[in-house]
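[1] I would like to see how this sequence folds:
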Amino acid sequence: MNKVTAEQLKDWAEWLKNNGCGCCSLPLVRDDNNNDWYICMGWQDGFDERETDAFQSGTWHICAKIAYQSHNNIMQCDYDIDFEMPVCNEYGDVDGAEVTVFPNENWEELAGWLNKNAERIVYSFARFNKYDEAVA
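    Numbering: from 1, shown residues only. Next up is the predicted model:
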């Protein structure tokens with residue numbers, strides 16, 4: 001499985017800040033349900049516009065998460081729409097592997113956190129069918 005680096009994350013955040021829109025992603029794996037799993041970074045709405053920094057624009061802030069999208073999804077530009085986080089129980093709770101990114105970020109620490117959670121989430125939520133080779 002791919003791993004994101006500190007340098008990639010820093011470059012993504014700078015690119016997003018300079019462009020004011022978009023999404024960056026690193027593909028991890030495609031499961032047997034045709035879901036593609038990613039580490040991604042983009043703009044998320046819902047922040048207090050009075051608390052601003054270089055990675056915020058109005059109520060939008062740069063965030064990173066582990067998410068998936070169906071293989072037949074052709075869009076990869078909207079962080080909060082195109083990349084879905086897995087639901088972990090029958091009550092609809094979303095796995096909380098998402099983080100707000102700040103200009104003074106410890107990029108090595110963030111990369112480690114995202115990579116660790118990517119392994120956990122893919123292991124927990126991606127579906128891989130086991131084939132019986134004796135039957136095949």
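[2] CA atoms for contacts and neighbours, from now on please.
    Fine.
[3] lowest-confidence helix or strand of this protein?
    Confidence across the helices and strands of the chain bottoms out at helix 79-82, with a mean of 72, counting by mean pLDDT, DSSP states H and E.
[4] Quickly run through the sheet partners of the helix or strand just after that helix, with directions.
    With elements assigned by DSSP states H and E, the helix or strand that comes after helix 79-82 is strand 98-100. Partner strands and pairing direction for strand 98-100 (DSSP bridges) are strand 60-70 (antiparallel).
[5] E51: neighbouring residues, count only.
    Neighbours of E51 under the rule other C-alpha atoms under 10 Å: 9.
[6] One more: D36?
    D36 sits with 20 neighbouring residues when counted by other C-alpha under 10 Å.
[7] and it, how far is that from F125?
    12 Å (C-alpha to C-alpha, to the nearest Å).
[8] For stretch 105-116, what does the pLDDT average out to?
    Across stretch 105-116, the average pLDDT comes to 98.
[9] brain fart, stretch 9-16
    98.
[10] Mind listing what's buried along the longest helix along the chain?
    Once the chain is assigned using DSSP state H, the helix that runs over the most residues is helix 107-125. For helix 107-125, a neighbour-count test (16 or more other C-alpha atoms under 10 Å) marks W107, L110, A111, L114, N115, N117, A118, I121, V122, F125 as buried.
[11] picking up where we left off before, dump the least confident helix or strand of the chain to CSV, keeping only the CA atoms.
    Output of helix 79-82 as CSV, limited to C-alpha atoms (Å, rounded to 0.1, in the frame of the first residue of the first chain):
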residue,chain,number,x,y,z
TYR,A,79,-12.8,16.8,-1.0
ASP,A,80,-16.0,16.9,0.9
ILE,A,81,-18.2,15.3,-1.8
ASP,A,82,-16.2,13.0,-4.0
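[12] Now do the buried residues in that helix.
    Taking 16+ other C-alpha under 10 Å as the basis for neighbour counts, the residues of helix 79-82 that come out buried are Y79, D80, D82.
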